[in-house]
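In: give me coordinates for this.
(chains A, B, C and D)
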There are 4 protein chains.
Amino acid sequence: MNKNRLEAFSDGVLAIIVTIMVLELKAPHGTDLAALKPLMPVFISYVMSFLFVGVYWGNHHHLLHMVKNFSSGIMLANLNLLFWLSLVPFVTSWVGENHFASFPVMVYALLLDVCGISYTILQKVIESCNKDNHQVLVLMKRQTRKGLVSVTLYTSAAALAWVNGYIAVVIFFIVAIMWLVPDKEIEKMMK
Amino acid sequence: MNKNRLEAFSDGVLAIIVTIMVLELKAPHGTDLAALKPLMPVFISYVMSFLFVGVYWGNHHHLLHMVKNFSSGIMLANLNLLFWLSLVPFVTSWVGENHFASFPVMVYALLLDVCGISYTILQKVIESCNKDNHQVLVLMKRQTRKGLVSVTLYTSAAALAWVNGYIAVVIFFIVAIMWLVPDKEIEKMMK
Amino acid sequence: MNKNRLEAFSDGVLAIIVTIMVLELKAPHGTDLAALKPLMPVFISYVMSFLFVGVYWGNHHHLLHMVKNFSSGIMLANLNLLFWLSLVPFVTSWVGENHFASFPVMVYALLLDVCGISYTILQKVIESCNKDNHQVLVLMKRQTRKGLVSVTLYTSAAALAWVNGYIAVVIFFIVAIMWLVPDKEIEKMMK
Amino acid sequence: MNKNRLEAFSDGVLAIIVTIMVLELKAPHGTDLAALKPLMPVFISYVMSFLFVGVYWGNHHHLLHMVKNFSSGIMLANLNLLFWLSLVPFVTSWVGENHFASFPVMVYALLLDVCGISYTILQKVIESCNKDNHQVLVLMKRQTRKGLVSVTLYTSAAALAWVNGYIAVVIFFIVAIMWLVPDKEIEKMMK
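Out: Just a heads-up that it's a prediction; the model follows:
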């Protein structure tokens, strides 16, 4: 099946994205608890982005699992999504190193928005060539609803980052947790 | 099937090539829009090479998909292609950090030429042991035509880089877009 | 099957974790044996963590191999395990660069504890949806016993690190070897 | 089949080993041909190690392809091989940055020896649980003969490195080419 290599390539890229972010956590010179303290913002930004990429991997997994018909359009939309996700390590380290300053956090939030939109494009392209696939349509509907809530929250976070960067961080974690709670409906379909 | 591991290894190498390039995008110290500005050339070179490697992944996918007979020659030709592609991150960062200076851009263009030639060698080796496979022959013909146009454009870009590096960049993007537009004929065959 | 991509993603992340640690082994400027000597602690910590991640890969392989029923819970528990394992390179370089100072070694030991607990959580989640699978239950029992011994030893190592970091290192190697010795019972089941 | 994940994990590790070596090729500050010249030793060492790891991937592919019976011993022997191969990037950069000084080149040659021995151990373990598999035995015999020649040449290179590092480099390339020339006998069997 055609989609196997697309899944393998995406898995590879996502696995690398998630893992190279940890390279930003540079071993401190000190050897006590105090030496770890300045790493906290970098660590928090790592956790945040790890969850974020992990959620994308899970959703991508569910979405591709149900695809029956494959097209070049899907490959393009997937490449587009991977491109934006590949910028996550950059923004993560920018946000972490600057202790969640307003502008970098806003850029982070906007990147999440763009990733969300890219995912939606991938969904639409898949939908357009899998119209008679009931499962895909149900999955879409559920993922789309959650997606809309996410994008709204990301955009609010982009604005609220100007009040305080950490408010945005809290919102990012809320969105991540919302996605991590398993969706019983989707799970039933995957069986 | 023999070719599965070749695809998996190639996917791995291509996924890593594409992702380590983003490590060149180092988080700036500033926290405003101005801090991002000096990163623009590095970013543009990243986008360019991401598209470039993405296109190779797509073509490689189509090509290997149709291979029925496998040989050591294919493994060698594939290793040769991966070698040249693995130099892309190096040239990308050289080009980006030097704001598209003429000589680095020319080297970039020549590397694209060598990658194109390596891909053609892989095609020829595959053709020689899949002669009775009609699909492979049709795919080759279409990819070869586009390949010739690409190599011609890359070589022109290598020359025009001496006038202005950004002219070459525009040409690189034109070639990438030419490949990204799905080929209806190939898509029909992949089904 | 659903679990294929989970295995592929986990393999990718584990392969990258294991390989990026070697980037900490920076080529020395000198060109004689004496130049290699200061690298010894970093090298030892690399060997230790390589074995550690290698053992996890092996256990993960055995565990997932027997899973028949898949759930979102398994994906979450797996993501949680990968998160903690992804911190191994950071702690490894911290421990190596500081010549096994007490506090970093204790943190290393505690991270191994958390990884062990995360693995146990993954086991429990798998068990809860594969209750009628005899093989899974036998494997669990054997892995759980070894797991308890490991966590006890890691925790002792965390305490003994305050006497001397190298005592903890010896314990880490003992645990790794305990896992590396093939379990005849499990092997029989895998056939 | 059990061996799929072992192949996938090995492919991942080998793909990363081969690709992170290119990170040693740091973009020079100059933008002319002269700026590339000091990179030559690093580049040569990269080519050498790329070929070396590529040959291992090919041999590993052939070897695993014929395995029917799987055991924990194979997993251990494979992990051992991957460990030594993972040290290749370190030695490669040491050799390249020091312009093929005698001692680093000798260490490089000895590492190739250890990798060769580890591969032989993997072969023997596979042989011991696939004794009634004629194909495996024939493949072993052919690979073992070449392996003996390689180890002899590597050891000579380790000695000759004290005369001049580049003599050893020539020997390394001769061995690589010897392996890259396809073995008709093996190819026939793979069909």
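
In: okay, and the residue lying closest to A:Val114 once chain neighbours are set aside sits in which element?
Out: Among residues not flanking A:Val114 along the chain, A:Trp84 sits closest, at 5.1 Å (Cβ to Cβ, 6 or more residues apart in numbering or on different chains). For the C-beta atoms, the positions are set from N, CA and C on the backbone; glycine is no exception. In the assignment (DSSP states H and E), A:Trp84 maps to helix A:72-86.

In: same question for A:His29.
Out: A:His29 belongs to no helix or strand, assigned by DSSP H and E.

In: before we move on, what about A:Asn59?
Out: Per DSSP H and E: helix A:40-66 holds A:Asn59.

In: likewise for A:Arg5?
Out: Counting by DSSP H and E, A:Arg5 is part of helix A:3-20.

In: I'd like the next helix or strand past that helix.
Out: With DSSP H and E setting the assignment, the helix or strand that follows helix A:3-20 is helix A:33-36.

In: how about that next one against chain C, any contact?
Out: Yes. Interface with chain C: helix A:33-36 contributes A:Leu33, A:Leu36 (Cβ under 8 Å from any Cβ of the partner chain).

In: quick one: average pLDDT of that helix?
Out: Per-region confidence: helix A:33-36 scores 94 on mean pLDDT.

In: so which bits of it are buried?
Out: A:Ala35, A:Leu36 (16 or more other Cβ atoms under 10 Å in any protein chain shown).

In: for it, output the C-alpha coordinates as CSV.
Out: In CSV, the C-alpha atoms belonging to helix A:33-36 read as follows (Å, rounded to 0.1, in the frame of the first residue of the first chain):
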residue,chain,number,x,y,z
LEU,A,33,20.0,21.3,42.5
ALA,A,34,20.7,25.0,42.0
ALA,A,35,22.4,24.2,38.8
LEU,A,36,19.2,22.7,37.4
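
In: from the chain's centroid, how far away is that helix?
Out: Distance of helix A:33-36 from its chain centroid, counting by Cα atoms, centre = their mean, to the nearest Å, is 30 Å.

In: same deal with stretch A:73-91?
Out: Distance, centroid of stretch A:73-91 to centroid of chain: 10 Å (Cα atoms, centre = their mean).

In: just the mean pLDDT for it, thanks.
Out: Mean predicted confidence for stretch A:73-91 is 95.

In: circling back: how near is the residue nearest to A:Val114 to A:Leu122?
Out: 11 Å (Cβ to Cβ, to the nearest Å).

In: the helix holding A:Asn59 vs chain B: in contact?
Out: No. Counting by Cβ under 8 Å from any Cβ, chain B has no neighbours in helix A:40-66; the shortest distance is 10.2 Å.

In: still on that earlier bit, tell me which of A:Trp84 and A:Leu122 has more neighbours.
Out: A:Leu122 (23 against 17; other Cβ atoms under 10 Å in any protein chain shown).

In: now do the same contact list for that one.
Out: Shown in contact with A:Leu122 (Cβ atoms under 8 Å, 6 or more residues apart in numbering or on different chains): A:Leu63, A:Ile74, A:Ala77, A:Asn78, A:Asn80, A:Leu81.

In: let's see that with 7 Å instead.
Out: Counting by Cβ atoms under 7 Å, 6 or more residues apart in numbering or on different chains, A:Leu122 touches A:Ala77, A:Asn78, A:Leu81.

In: still on that earlier bit, surely the residue nearest to A:Val114 touches A:Ser118?
Out: Yes. Counting by Cβ atoms under 7 Å, A:Ser118 is a contact partner of A:Trp84 at 5.2 Å.

In: using PDB, list the CA coordinates for the helix holding A:Trp84.
Out: Output in PDB follows, covering the C-alpha atoms of helix A:72-86 (Å, rounded to 0.1, in the frame of the first residue of the first chain):
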ATOM      1  CA  SER A  72      -0.300  13.100  -4.600                       C
ATOM      2  CA  GLY A  73      -2.400  15.800  -3.000                       C
ATOM      3  CA  ILE A  74      -2.200  13.900   0.300                       C
ATOM      4  CA  MET A  75       1.600  13.700  -0.100                       C
ATOM      5  CA  LEU A  76       1.800  17.500  -0.600                       C
ATOM      6  CA  ALA A  77      -0.500  18.300   2.300                       C
ATOM      7  CA  ASN A  78       1.500  16.000   4.500                       C
ATOM      8  CA  LEU A  79       4.800  17.500   3.400                       C
ATOM      9  CA  ASN A  80       3.300  20.900   4.200                       C
ATOM     10  CA  LEU A  81       2.300  19.800   7.700                       C
ATOM     11  CA  LEU A  82       5.700  18.300   8.400                       C
ATOM     12  CA  PHE A  83       7.400  21.500   7.300                       C
ATOM     13  CA  TRP A  84       5.600  23.600   9.900                       C
ATOM     14  CA  LEU A  85       6.000  21.000  12.600                       C
ATOM     15  CA  SER A  86       9.800  21.000  11.800                       C
END
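
In: right, and the helix or strand after that helix?
Out: helix A:88-97.

In: tell me the angle that next one makes with helix B:3-20.
Out: 40 degrees (axes from the mean of the first three to the mean of the last three Cα atoms, to 10 degrees).

In: past helix A:88-97, which element shows up next along the chain?
Out: helix A:102-128.

In: any chance of the contacts of A:Leu122 in CSV, with distance to chain B and neighbour count too?
Out: As requested, the contacts of A:Leu122 are exported to CSV (distance: Cβ to the nearest Cβ, whole Å; neighbours: other Cβ atoms under 10 Å in any protein chain shown):
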residue, distance to chain B, neighbour count
A:Ala77, 11, 20
A:Asn78, 10, 26
A:Leu81, 12, 23
